[in-house]
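Trainee: Pasting the sequence and the predicted coordinates here, then a few questions.
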Amino acid sequence: MKKVAIIVAGGSGRRMGTDLPKQFLLVHNKPVLYYTLQTFLSAYDDMQVVLVLGEEYVDMGREIIDAWFDNERIKITIGGPTRFDSVKNGLALVEEESIIFVHDAVRCTVSKELIQRCYKTALETGSAVPAIKCSDSLRLLGEDGNSEALNREKVVLIQTPQVFHSKILLPAFNIDYKDWFTDEATVVEAFGMKVSLVEGEKNNIKITHPLDLEIAARIIQP
């Protein structure tokens with residue numbers, strides 16, 4: 001089955017305290033985005049990528065592609081005001097029945113094994129969303145300022161890539177946007193479909209704060 005990865009790279013550097021968006025910061029002298037693209041393209045020889053960028057950063061994205069990758073395997077489109085809009089713009093370039101991966105560009109330590117595991121599950125069930133168990137104690141905050149303990153055995157932390165058959169994901173993104181759409185799984189569930197969870201990876205971190213960049217540098221072998 002055709003494979004398409006929608007790499008969402010429209011974030012800013014606000015929480016990193018930098019003017020440059022996180023996906024362009026350097027790890028071992030290469031941008032974060034390089035490692036994400038490299039892993040997806042090497043996971044399957046027939047993987048195609050749609051890279052979703054903020055309009056002002058398209059030229060930087062093209063420079064990365066021209067320097068290290070095959071232009072024929074990567075398309076660029078412009079992001080929107082929300083993640084939902086950005087993913088929808090990427091999906092507009094999917095022209096054939098496919099297994100579609102949606103991944104945060106700043107999860108640059110994703111492994112080929114996780115990508116392949118998600119693909120196999122999505123082929124069987126129509127969806128694959130990686131999740132890891134929570135090791136911390138959890139509390140739910142109430143509107144009155146009080147809190148209550150949650151059973152962490154019933155809570156998982158969701159990662160990307162979130163992977164779906166195109167027959168599920170494409171029509172799901174035709175529904176109206178809601179503020180609580182935080183990822184593709186919530187959109188698909190709002191469309192009336194269940195999602196399948198697969199085992200995620202602790203090392204599949206999201207670059208959000210300066211410390212995350214240091215951790216990524218330790219995970220990635222130069």
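Mentor: That came through, no problem.

Trainee: Which positions in the longest helix anywhere in the chain come out as buried?
Mentor: The longest helix of the chain (DSSP state H) is helix 112-125. Under the neighbour-count criterion of 16 or more other Cβ atoms under 10 Å, helix 112-125 has Leu114, Ile115, Arg117, Cys118, Tyr119, Thr121, Ala122 buried. Quick note: C-beta positions are derived from backbone N, CA and C, even for glycine.

Trainee: And for the third one, nearest residue in space, chain neighbours not counted?
Mentor: Yep, that's Arg117 we're talking about. Excluding the flanking residues, the one nearest Arg117 by Cβ to Cβ, 6 or more residues apart in numbering is Val198, at 5.8 Å.

Trainee: Return the list of helices and strands in contact with the helix or strand encompassing that neighbour.
Mentor: Per DSSP states H and E: Val198 is located in strand 197-199. Other helices and strands packing on strand 197-199, by 3 or more Cβ pairs under 8 Å, 6 or more residues apart in numbering; DSSP states H and E, are helix 112-125, strand 127-133.

Trainee: chain center to that strand: distance?
Mentor: On the basis of Cα atoms, centre = their mean, to the nearest Å, strand 197-199 sits 15 Å off its chain's mean C-alpha point.

Trainee: Would you map the helices across the protein?
Mentor: Going by DSSP H, the chain shows helices at 32-43, 58-68, 83-91, 112-125, 166-172, 184-190, 210-219.

Trainee: before we move on, the earlier item: can you add mean pLDDT and distance to Ala67 and give the helices and strands packed on strand 197-199 back as CSV?
Mentor: Putting the helices and strands packed on strand 197-199 into CSV (pLDDT from 0 to 100; distance: least, Cβ to Cβ, whole Å) gives the following:
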stretch, mean pLDDT, distance to Ala67
helix 112-125, 98, 21
strand 127-133, 98, 29
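
Trainee: can you put these in TSV and add distance to Leu33?
Mentor: Putting those into TSV (distance: least, Cβ to Cβ, whole Å) gives the following:
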stretch	distance to Leu33
helix 112-125	16
strand 127-133	20
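
Trainee: Of these, which is nearest His28?
Mentor: Of all the helices and strands packed on strand 197-199, helix 112-125 sits nearest to His28, with 18.3 Å by Cβ to Cβ.

Trainee: so how far is the closest one off the chain centroid?
Mentor: What separates the centre of helix 112-125 from the centre of its chain is 14 Å, taken as Cα atoms, centre = their mean.

Trainee: what's the residue of the chain most remote from its centre sitting at in phi/psi?
Mentor: The centre of the chain is farthest from one residue, Asp144, which by Cα atoms, centre = their mean lies 34.3 Å away. The phi and psi values for Asp144, taken as degrees, to the nearest 10, are phi -90, psi 0.
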